[in-house]
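# give me coordinates for this.
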Amino acid sequence: MVCFSQKTDTVTLSQKRIDNQYISCTEQALLFVDSSNTIPVGRIDKQLFIPLRNFHFQDLAFDYFDYIFWLKIVVHNSTNNTLPVLFTAGLHKQTEVFRKINGSFQRLGFTRQDLLPHERPFRYDERYIPLKIAPKQTYELYIRLTEHPQLFLSIKPKLVSYGWEYNDKMRAFFDEYSYLAADGFFISILFFVSVYMFILYFVERRRYYIYYAGYLVFISLFALWGIEHSPYMRIFFSFIPYLKFSANNNTYGLIANMFYFLFISDFLELAKIAPKFDRVIKIYVFYVLTTLLVLDTLLNFVLHKYQLGGYIWVLSQPVISFFGLYSTFRILTLKGSFVKYIKWGSIALLLGVILGFLEQILMMKPLENVLMRLSLSIPFNVGVLVEILCFSTALGYKTWLRQRNRNLLMKSVKESDLRTLRSQINPHFIFNSLNSIKSYILNHRSVEASEYLTDFSTLMRSILQHSKEKLISLADELETAFLYIKLEKLRFDNSFDFVYQIDEGIDTQEIFIPPMLLQPYIENAIKHGLMNKATERELSISINRAENNIIITIDDNGIGREQAALLRKNTFKHQSMGMDINDERVKLLAITNDWHIEIQIIDKKNKDGQAAGTKVLISLPIID
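Alright, predicted model coming up:
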């Protein structure tokens, strides 16, 4: 294996039995900066080089991507063997290595940051260029470095062995996996929540869902842009190198900021509760941020003026931070049931943005990460995740409030319909009863008419007492039903028998039922079932308990529904109105009170398969 030792101006390679070594060439390297970007390779050795260690790089490196940096390094192989090594000067847009030999320049290799793994000279990392140093040879190397837009510039040339590079990668996986895991978790949360917001938008058609989804999408792009600078990540930007290396991530931050404040404005309904604040937000979004975005796009993507584009980034960060401070202060003054979650989320996001900006400007993040070279800052990640948690809670709470109000309104409408239907059942019954009294009078049966009228008035008083109630006791309902049956027996000259049975364990005072629920089924049994039969007419009502339900059975031995339907073809439709109203009442009770009454109508058959009457089973839930 190769071991490295060094002398004053020449990097000397020696063969020893020591593995996994590298040597820094910073002390031996000379630097020339071609600010004009015009000097050809053939004339570079005529330029004035200075020691690399004496060159002071600017704190903000926006100017440097217009320059070409040349390094001069002399390497001597003192062994009798060809030594394979890897050269790197750090992370740059493009690195080319030339050897000056006999007055001419031979290119030994090159690498670019936008190369995919199968295109790289060293598959596992685009920073490295493989070199082979011949035995007993001295190599005068000239390294050409081309920059891409970046905040800080660092040139650290070194020669490493393959073994050292492998061990460095293994170390990075163990020491830096937390950055990889944190960024992966961050991206996954953003993706999941953004997809969920898009779904909610198409379900609810509320604009603030699409605004929040847009915000999360561009925060995801902001994160993905940094993550894909890792030599191991190839997801989206790596296949569009122009977006990855020709501009900074300011674009995604500006658009995310625009969506964020549009969401705040629409979700909090600021146009109603804080119109002045809403106007300030609209000015900030449609004038300030839009202007910065247009300038950023024009300078970086159209004109390729990356130096000026870099200053747009420097300008954007304090503008975003300042307005974040202002908007958070204003949000803290608002009131509302779900506004408190927006307050907490805004504070968390603001702190994350400010700490992330300071972390980057003050170079508090590790600069030598191998796995995640441009990883997002932990404070920013945490701030965004806390904000997502708070805002998602606010969204869920507001959706629940809106759904509750919608349900209350629907319930109010349905209860109004229910009251209307309940009032319709009374005129329907009165119409039939008055017809019976009319029949007595026309037949000169004044005594029966008087008795009928007395019972009818008693029945009407009972109905009127119960007409405004949603539920009455089963005892009251049975009293009304039995009185109705008595009137019908009088009307039809006692031409049918009536029997009833109630389980001893049932307290009819403690069981509740919608008023006039039984009457339409009893009416149908008498009028259409029994009265169309010549003899042996019988109506029975039984009440039994089955677990948490009361089963009311209305049974007749009439002609059955099929035959009765044939006989009714030429009669008025209002004769079946009571059944239709009852069915609608049962449906509305299920919607408004979550109280489900099951009604089953059974057509009875005799041994010969002929109609033997009708049985109605009403399953009534017991209300505690």
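
# only C-alpha atoms from now on, for both contacts and neighbour counts.
Will do.

# can you tell me the element the closest residue to residue 557 other than its chain neighbours falls in?
Once flanking residues are discounted, residue 557 sits nearest to residue 613: 4.0 Å by CA to CA, 6 or more residues apart in numbering. Taking DSSP states H and E as the definition, residue 613 sits inside strand 611-621.

# just how off-centre is that strand within its chain?
Distance of strand 611-621 from the chain centroid (CA atoms, centre = their mean, to the nearest Å) equals 49 Å.

# direction included, what does it pair up with?
strand 549-556 (antiparallel), strand 598-605 (antiparallel) (DSSP bridges).

# show residues contacting the last one.
This points to strand 598-605. 560, 561, 611, 612, 613, 614, 615, 616, 617, 618, 619, 620 (CA atoms under 8 Å, 6 or more residues apart in numbering).

# any chance you could map the helices in the stretch 351-500 of the chain?
378-442, 446-466, 474-491 (DSSP state H, counting those that start in this stretch).

# which of these is buried the deepest?
helix 474-491 (a mean of 19; mean count of other CA atoms under 10 Å).

# elements contacting that helix?
helix 378-442, helix 446-466, strand 512-513, helix 519-524 (3 or more CA pairs under 8 Å, 6 or more residues apart in numbering; DSSP states H and E).

# for residue 76, what are its contacts?
By CA under 8 Å, 6+ apart, the neighbours of residue 76 are 10, 11, 12, 13, 136, 137, 138, 139.

# and what about the fifth one, helix, strand or coil?
Translated: residue 136. The three-state label given to residue 136 by DSSP: H, G, I helix; E, B strand; the rest coil is coil.

# next, count neighbours for residue 187.
21 (other CA atoms under 10 Å).

# ok, it to residue 395 distance?
21 Å (CA to CA, to the nearest Å).

# how about the helices of the stretch 351-500 of the chain in TSV, adding distance to residue 252?
Putting the helices of the stretch 351-500 of the chain into TSV (distance: least, CA to CA, whole Å) gives the following:
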stretch	distance to residue 252
helix 378-442	15
helix 446-466	67
helix 474-491	68
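
# how much space between residue 524 and residue 539?
Taking CA to CA as the measure, residue 524 and residue 539 are separated by 11 Å.

# bridging residues for the residue nearest to residue 138 when sequence neighbours are not counted?
Leaving aside its chain neighbours, residue 138 sits nearest to residue 76 (4.1 Å; criterion: CA to CA, 6+ apart). Beta bridges link residue 76 to residue 12, residue 138, judged by DSSP bridges.

# relative to residue 104, how far out is residue 76?
Counting by CA to CA, the gap from residue 76 to residue 104 is 19 Å.

# residue 552: neighbour count?
Residue 552, neighbours per other CA under 10 Å, totals 20.

# hmm, residue 86 is touching residue 160, no?
Yes: the pair residue 86 / residue 160 is scored as a contact, 5.2 Å apart, by CA atoms under 8 Å.

# flag the shaky bits of the stretch 401-550 of the chain, pLDDT-wise.
Within the stretch 401-550 of the chain, the ranges that satisfy pLDDT under 70 run 406-430, 432-433, 436, 440, 444-445, 467-468.

# burial check on the closest residue to residue 618 other than its chain neighbours, number of neighbours?
Computed as CA to CA, 6+ apart, the closest residue to residue 618 that is not its neighbour in sequence is residue 599, at 4.6 Å. Residue 599 has 16 neighbours, counted by other CA under 10 Å.

# repeat for residue 312
18.

# out of the helices of the stretch 351-500 of the chain, nearest to residue 119?
helix 378-442 (32.7 Å; CA to CA).

# center of this structure, which residue is that?
In the chain, the centroid-proximal residue (CA atoms, centre = their mean) is residue 196; its distance is 2.3 Å.

# quick check: it is in a helix.
Yes: according to three-state DSSP, residue 196 belongs to a helix.

# ok, now how distant is it from residue 115?
Distance from residue 196 to residue 115, by CA to CA: 35 Å.

# next: residue 616.
80 Å.

# and what of residue 134?
Taken as CA to CA, the span from residue 134 to residue 115 is 28 Å.

# tell me which element residue 141 falls in.
Per DSSP H and E: strand 138-146 holds residue 141.

# helices and strands around that strand, which ones?
Going by 3+ CA pairs under 8 Å, 6+ apart, strand 138-146 lies up against strand 68-77, strand 94-101.

# if we go to 10 Å?
strand 10-15, strand 30-34, strand 68-77, strand 94-101, strand 104-112 (3 or more CA pairs under 10 Å, 6 or more residues apart in numbering; DSSP states H and E).

# and the second one with strand 138-146, angle?
Spelled out, that is strand 30-34. 40 degrees (axes from the mean of the first three to the mean of the last three CA atoms, to 10 degrees).

# kindly report the same for the fourth one.
Counting by the same axes, to 10 degrees, strand 94-101 points 150 degrees away from the direction of strand 138-146.

# strand 94-101: how far from the chain's middle?
The answer for strand 94-101 is 52 Å, by CA atoms, centre = their mean.

# ok, now stretch 473-481?
The chain centre lies 52 Å from the centre of stretch 473-481; the measure is CA atoms, centre = their mean.

# so what touches it?
With contact meaning CA atoms under 10 Å, 6 or more residues apart in numbering, stretch 473-481 is reached by 458-463, 466, 471, 482-487, 507-520, 522-523, 541.

# swap the cut-off to 8 Å and go again
459, 462-463, 508-513, 515-519.

# reformat these as TSV; add distance to residue 357.
As requested, the contacts of stretch 473-481 are arranged in TSV below (distance: CA to CA, whole Å):
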residue	distance to residue 357
459	82
462	78
463	76
508	74
509	73
510	70
511	69
512	67
513	68
515	70
516	73
517	71
518	74
519	76
